[in-house]
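Asker: could you look at this predicted model? Sequence included:
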Amino acid sequence: MNVITTFKEKRKEKQITYERKMLRELSLEGLKKNVSETFGSYFRMGTMLGSAIEEGCLDVAIEAYLLGAKYSRFGYYGESVDEVKKRCYQYEKNLIDALYEFICYWGHIGDNGFVNESLYYACEHYVDYWWMEGFRKGEKRYRLKLH
């Protein structure tokens, strides 16, 4: 008897395999260094609170990296980075908003408008940076036929 697999299962399996390949190129030290560079002025890294926020930032960085890698296929086939960013604008915006809300909640950031605005821009920069890293590395994998 043959095992019946659906198209959705096969697609999910292929996606997981691709994500695992992409995650092999990330280093945890690089992620942590980038978190401390980007958000070091908002909270201390050595504290319990800082490590909790750091873990949330790492999760968002990985999601943004994988999102950029997923959309790198369009860049490989000729679309510009701006066109590809328009394709996944809503997903990227959701990541930025989730990171901002997470840091505001756990970091006990008050209602200081200037701090909140600069924190939002820092979150935007952070997600954009990791999205571009994933996009570049994914595009490179497509060019080398490693996808």
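Answerer: Nice, thanks for sending it over.
Asker: only C-alpha atoms for contact and neighbour calcs from this point on.
Answerer: Will do.
Asker: which element is the residue most central in space within the chain on?
Answerer: Centroid-nearest residue in the chain: residue 64, 1.6 Å away (criterion: CA atoms, centre = their mean). Assigned by DSSP states H and E, residue 64 belongs to helix 48-76.
Asker: repeat that for residue 140.
Answerer: If you go by DSSP H and E, residue 140 is part of helix 113-143.
Asker: give me the buried positions along that helix.
Answerer: Counting neighbours by 16 or more other CA atoms under 10 Å, one finds that the buried residues in helix 113-143 are 119-120, 122-124, 126-142.
Asker: name the helices or strands packed onto it?
Answerer: Packing contacts for helix 113-143, counted by 3 or more CA pairs under 8 Å, 6 or more residues apart in numbering; DSSP states H and E, involve helix 7-23, helix 28-39, helix 48-76, helix 89-106.
Asker: same thing but at 7 Å, please
Answerer: Counting contacts by 3 or more CA pairs under 7 Å, 6 or more residues apart in numbering; DSSP states H and E, helix 113-143 packs against helix 48-76, helix 89-106.
Asker: now the angle between helix 7-23 and it, please.
Answerer: If you take axes from the mean of the first three to the mean of the last three CA atoms, to 10 degrees, helix 113-143 sits at 100 degrees to helix 7-23.
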